Structures are given as C-alpha cells and as structure tokens.
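Engineer: With the input below, show me the fold.
(2 chains)
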Amino acid sequence: MKNLFRFILKYHYIILFLVIEFLSFVILYQHNDFHKASFLNFKYAVSGNMFRSFTGIKDYIALIEHNKQLARENNRLYNTIDRLRSVSSEKETEVIDTFLNQHYFYIPARVINNSINKQRNFITLNKGSNHGIAPEMAVINNEGLVGVVKEVSPNYASVISVLNHDYAVSAKIKKNGYFGPVTWDGKSHEKVFLSEIPHHVNIDEGDTIITSGYSEMYPEGILIGTALDYGLKGGNFLEIEVVLSTDFKKLNYVQVVRNTRKKELNQLENETFND
Amino acid sequence: MIKVLPRNILRFIILVLVQVMVFNNIQFSGYINPYIYILFILLLPFETPGAITLILAFLLGFSVDVFTETYGMHAIACVFMAFTRPYVLQMIAPRDGYEAGTFPRVSYYGFTWFMKYSAILIFAHHLVLFYVEVYRFSNFFSTFLRVILSAVFSLFFIIISQYFVFRK
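Structural biologist: The predicted structure follows:
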C-alpha cells in the first residue's frame, strides 16, 4: 500500500494526465454523435475480427468431426436416392387435372440412342408405357419438333425422328396459315421440305414454320424451323426448304406430349366417317 | 504570488471570451482558424505545479468547448498541450535555467525563445485538436495542412499580443 502511494506520488503527473484525457474522451463520445459512431465502429470491428478468428480456429479443430458427419449424411442420401429411383422407375403416376382441363400432358424423357445418318432414323427414349407413353405421341424439346413415338415397351420408347423417310407432319406458315406436309429428303440433317403450298403464297426467307395442329398428335404451334428457299414443284405447288430449329446432333432431354383428349377426338371422327 | 492569482483568473475569462466572440468567427478560406486562448497556458508561471496546469488546461478547454458545442475536443487538446509544457520548458531552457520571479514572456527571455516555446506548444495543441475533430486518418495531409496553417496564424496573433497587450 505504501509502495502504491509512492508510485502514485512519483508518477502523479502522468497519471493525472491520463485520467483527465480519459475523462475528456468520455465527454467527447457522449456528446458528439460522429465520434461516438466512429468509436462504436472501431469497437465492433475489433470484437468482430476477434470473434471471427476464434470461430475460424474452432471450425478448423472441428473439421474431422464435420467430415465424418458429412460422410454419414452422404451415405444416407445415396441410399435414399437409390431406393426412390427404383420406386419411381417402377411406377410413375401422372396427374390429369380435370379441373384445369389440361389439354396436353408432358412427360420428360432422356434420349439414350439416336442416329442422323440413315435414311430412316429412330430415337430411343428411357421411358415407356410404365410412364404413360403410348404410340403416336409427339416428341419435342425446347428447340422444336423431334418426332413421334412408334413403339413402346414397358421402360423404353422408340421414336420416329423427323429425319425419316416415313415421317410426315402437318405444318403451316405462321404468318399466313397456309399448310402442308413436312417431309425429309434423306440428305441433310438440318433441312426438311414443306410442300403443297399454293404458288401464289408470298414467302420470305426466315418465315417461321410451325405445326398446324390438324392432327391429334401435335399441339398447334410447335416450332419446326425457318424458311430458307422455295421453288415450284409439280405444277401449281411450291416446295419450301426449311432449316430445322432442332439440332438432331445433340439431342438429350425431350418431352413426350400426351393429348388427353385424343380418345374423345378419335371417337367423334370415327363416328363421322362411318356414317 | 497574491497578485498572480486574480490576474490569471481574469486572463482566463478574457481569453475564452475573445476566442469565442472574435477568433472563432475568423475563418480564412474555411481552412484556418486561429486559437489564441491557449495563451493562458503559455503564460502560466514557471512554478505552477504540473497537476494544477493539467486541471486548469482541462477547465480552459472545456470552457471553449461549451461555447462551441464541441464537448471534449478542446479539452483533450489543451490537456495534451499542458502535459507537454514542462518537457518543452526543460528542452529549451536557457543555460542557467529560469530565474525566480520571471514569467515565460518575450520581455523576459527574448523573441527567439518565446517563439520556439509557443510554436512547439501551439503545434502540439493544434495537431491533437484537428485530428480529434476529423477523427480519421484518411485525408491525412489535408488535415495536416490545416494544422500547419492554423498554427502559423495562431502563433502570429499570440506573438503580436506580446507586443501590444501583455507588455511589462
């Protein structure tokens, strides 16, 4: 105690200076908002940095435990995925919404086999009748028309590509509505031909060609391609060279289109024709 | 000694008032603001105990703060300046020390000595004051320029006052 007093007495000048300056700073922070804010900022910056460092160290130490946890979690998820996958491939239910009256129902599928260099090209999909796919359903992707389903097995479907001699689809010119069949000449995988267009129809390069919707397979307005060139063929009709919008060289994911009113339509048309 | 006390109290009041009323309204180009009230600390007798100087400096600075509503800033600067005063006095002491009964004035120790003495202390005061005021070290040199220019003007007015007001 005596030593303390002696110490204070000896350094009373510096101690007093520090005390008064401290007091002054307290006054400064209490009465000046800017200084107060700066001080608080500084305080938070320091404490924030400290907390961050501590957390970093703690996280690093706990890394082994975290890794183990993640591995366990991964393992569990793998098992779950596998279980779900087997369930879903066996039975995939579709919901036909009669309330909203959905006309076309889209089934996603993957292309597992494809060719473009034959005269009759087919595409194989990884989904079949188990997933609701049936013959004569249209196949499209985000770029445009791909083809139509020919045969189905429980888990696979065979699709007639647009690039097939036997294939024809009813198409129309978007700007004026003139329609005709689109066929492939077996040469380039980028071009098809739209024929039976009357010769007086005005066609420009770049006109959009879409599906007409006159057959029950295809929804109206699916993109086929754009007009490139045209010429007279067989008297009064024009044949238009169409550049396909779908790139058949890199097909991957496609949508199979199911017409939910097909039965009704067929029934009506059959009755009409039989009469 | 008896005469020293009332004279210093009077000087305290007058300097604070002059500072607040007159010199705080002089602002050359927004940069320079001379602070002459610290003359009070400069003119305190040599024998004043350090603790008393510190307390007086705090009171002086705080008085100016009250008028300018910058609570704390002038107090911090004045206390810092008062703290350095004994060391400065020691540093620039004449060869045979300070004689008893003399005061730190031009009339006792000459122009050069007083100039050195006040320049160092004014600089110390202004340095602390301006940096506490802006309270950041970005724009370091623009603040430093203000310190130098204001210190020059303060020094100018303080030395002038030695010849016209505080004559022997």
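Engineer: can you pull out the helices in the chain?
Structural biologist: Went with chain A since none was named. Here chain A has its helices, by DSSP state H, at A:2-10, A:12-31, A:33-61, A:63-90, A:262-274.
Engineer: wrong one, I was asking about chain B
Structural biologist: All helices of chain B, identified by DSSP H, fall at B:4-21, B:39-42, B:50-68, B:73-91, B:106-134, B:140-164.
Engineer: what's the closest of the ones you listed to A:Ile27?
Structural biologist: Closest of the helices of chain B to A:Ile27 is helix B:73-91, at 6.8 Å (criterion: Cβ to Cβ). Heads up, the C-betas are built off the backbone N, CA and C, glycines and all.
Engineer: and the helices of chain B as CSV, adding mean neighbour count, distance to chain A and mean pLDDT?
Structural biologist: Listed next are those as CSV, based on neighbours: other Cβ atoms under 10 Å in any protein chain shown; distance: least, Cβ to the nearest Cβ, whole Å; pLDDT from 0 to 100:
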stretch, mean neighbour count, distance to chain A, mean pLDDT
helix B:4-21, 14, 17, 88
helix B:39-42, 21, 13, 92
helix B:50-68, 19, 4, 90
helix B:73-91, 22, 4, 92
helix B:106-134, 19, 7, 90
helix B:140-164, 16, 15, 88
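Engineer: So for A:Glu136, which of the helices of chain A sits nearest?
Structural biologist: Comparing the helices of chain A under Cβ to Cβ, the one sitting nearest is helix A:262-274, at 8.2 Å.
Engineer: buried residues in the closest one?
Structural biologist: By neighbour count with 16 or more other Cβ atoms under 10 Å in any protein chain shown, helix A:262-274 contains no buried residues.
Engineer: Run through the neighbouring helices and strands of it.
Structural biologist: On a contact count with 3 or more Cβ pairs under 8 Å, 6 or more residues apart in numbering or on different chains; DSSP states H and E, helix A:262-274 meets no helix or strand.
Engineer: so how far is that helix from its chain's centroid?
Structural biologist: Offset of helix A:262-274 from its chain centre (Cα atoms, centre = their mean, to the nearest Å): 36 Å.
Engineer: near chain B, which residues of the stretch 51-200 of chain A?
Structural biologist: Contact residues, the stretch 51-200 of chain A versus chain B (Cβ under 8 Å from any Cβ of the partner chain): none.
Engineer: Give me the below-cutoff pLDDT ranges for the stretch 51-200 of chain A.
Structural biologist: A:85-102 (pLDDT under 70).
Engineer: mind listing the strands for it?
Structural biologist: Using DSSP state E, counting those that start in this stretch, the strands found in the stretch 51-200 of chain A span residues A:104-114, A:120-125, A:138-140, A:145-152, A:157-164, A:169-173, A:179-183, A:191-198.
Engineer: Mind listing the strands the shortest one pairs with, and their directions?
Structural biologist: It stands for strand A:138-140. When sheet partners are counted by DSSP bridges, strand A:138-140 sits next to strand A:145-152 (antiparallel), strand A:253-259 (antiparallel).
Engineer: show me what contacts A:Glu151?
Structural biologist: Listed by Cβ atoms under 8 Å, 6 or more residues apart in numbering or on different chains, the contact set of A:Glu151 reads A:135, A:157-158.
Engineer: Of those residues - the most surrounded one?
Structural biologist: Highest neighbour count within these, by other Cβ atoms under 10 Å in any protein chain shown: A:Ala157, with 26 neighbours.
Engineer: Nearest spatial neighbour of the closest residue to chain B within the stretch 1-150 of chain A, chain-adjacent residues omitted?
Structural biologist: Proximity of the stretch 1-150 of chain A to chain B (Cβ to the nearest Cβ) peaks at A:Leu28, 3.0 Å away. Nearest residue to A:Leu28, sequence neighbours excluded (Cβ to Cβ, 6 or more residues apart in numbering or on different chains): B:Gly72, at 3.0 Å.
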